[in-house]
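> Okay, sequence plus prediction incoming.
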Amino acid sequence: MTVFLERRGRAGLQLGVHVGQQNATMAELIERWQRLDGVVDWISAWDHLYEAPPNGGTTPHFEAVATLSALASVTSSARIGCLMFCVPFRNPALLAKACVAIDHISGGRFEPGFGAGWHEPEFLAHGFEFPSLGTRFDMLDEGMEIISGMFAGGTTTFVGQHSHVDEVTCVPGPVHGSMPMWAGGRGPKRTPAIAAKYSSGWNVPYVGPETYARLNQQIDAACIAIDRDPATLERSVNLAFHMGATREAADRELQRIIDEWGPEAAERVTRGALTGTADDALEQIARYREAGADMVNIALRLPVDDDALESYLEQVVPAAHASFG
């Protein structure tokens, strides 16, 4: 059974922060989450077993389910998300039960996302097979069928090629009777189809506004193909965070990227990023809003320039809420 949730009356642009749970102690993560709570609308973590970008598993990194439980327990107002749970890592029915527990810890604020995974060394190091992309998408599709059924209540029976459940129940169920599910990615076929079929929201990382507008059209078409109103599917984008608190700091950050990546690659890196000062960031957010974004998230890979982050939280967030609310 597939159930879609309405957007719970949300209006205007939402702003969030996607925090990778790496290169920091749990105490440091908690301190950062609590600084964000009540300022931004959304806080999320990812589901990697190694750091991102990959560094051979040498960077301190926390597992997602336990991390999200902590995040849910120390915040009180922000929506809590996972972008994205890697379905091939876990039995889907067990993952559904974990999501419901996190939802209850948060008081009904949890909105998990689900994906197929991509980092082969991460799979192999932890004893998982790394099948073809098509097979991983098949696993994702089956997993979301099971998870959505369990979130909807009653019993769920499903027999697939990769997963099966037999009259499984999920008691207690989600706090609000069901739970928003997110899909993510930029693929032209399977991603839009899965988002339209199962999800309340779709997210894509690190693309420019023009690409984002085109991908949004693909999501619209996938919804229309199954007679779903495209307006019922929330849209978000994750942007790399490369702001500076001052013009001089912003210029130094841009030069750092050029020095590290080279001019051509730096243009690609910054295409899906917030760069410059607070005023520049507001202009960039406006372009994503025009391209169809309901929510814009900055993605933090720690350590981060705290002066730049404070500029974002104290200047950009309130101005964007006022301008696009």
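Arrived safely, thanks for sending.
> quick one: secondary structure of G56?
Using DSSP: H, G, I helix; E, B strand; the rest coil, the structure places G56 in coil.
> State the number of residues packed around it.
By the measure other C-beta atoms under 10 Å, the count of residues near G56 is 9. Bear in mind the C-beta positions are built from the backbone N, C-alpha and C, glycine included.
> residues contacting it?
Going by C-beta atoms under 8 Å, 6 or more residues apart in numbering, G56 touches 50, 121.
> I figured E167 hits T157, correct?
Yes - counting by C-beta atoms under 8 Å, E167 does reach T157; the two are 5.4 Å apart.
> out of those two, which sits in the busier spot?
Counted by other C-beta under 10 Å, E167 and T157 do not tie: T157 has more neighbours, with 11 against 8.
> can you tell me which residues contact that one?
Per C-beta under 8 Å, 6+ apart, neighbours of T157: 165-168.
> What about these, which one has the most neighbours?
Result: V165 is most packed of these (other C-beta under 10 Å), 20 neighbours.
> for that one, helix, strand, or coil?
strand.
> In the chain, what residue spans correspond to helices?
Using DSSP state H, the helices of the chain run over 26-36, 64-74, 92-106, 120-125, 133-152, 190-198, 209-225, 247-261, 263-271, 278-290, 306-311, 317-324.
> ok, now which ones touch the nearest residue to E63 once chain neighbours are set aside?
Closest residue in space to E63, ignoring its immediate chain neighbours: L49 at 6.9 Å, by C-beta to C-beta, 6 or more residues apart in numbering. Applying C-beta under 8 Å, 6+ apart, we find L49 in contact with 61, 63, 89, 122, 125-126.
> hmm, back to that, and the helices of the chain, which one's lowest on average pLDDT?
Mean pLDDT is lowest for helix 263-271 among the helices of the chain, at a mean of 88.
> which residue is nearest the centroid of the protein?
L83 (2.9 Å; C-alpha atoms, centre = their mean).
> and the gap between that one and M181?
In this view, L83 and M181 are 12 Å apart by C-beta to C-beta, to the nearest Å.
> shared neighbours, those two?
By the contact definition C-beta under 8 Å, 6+ apart, L83 and M181 are jointly contacted by G113.
> hmm, back to that, and the contacts of L49 as JSON lines, adding neighbour count and distance to N23?
Output for the contacts of L49, formatted as JSON lines (neighbours: other C-beta atoms under 10 Å; distance: C-beta to C-beta, whole Å):
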{"residue": "H61", "neighbour count": "20", "distance to N23": "8"}
{"residue": "E63", "neighbour count": "13", "distance to N23": "15"}
{"residue": "F89", "neighbour count": "18", "distance to N23": "21"}
{"residue": "E122", "neighbour count": "20", "distance to N23": "16"}
{"residue": "A125", "neighbour count": "13", "distance to N23": "18"}
{"residue": "H126", "neighbour count": "11", "distance to N23": "19"}
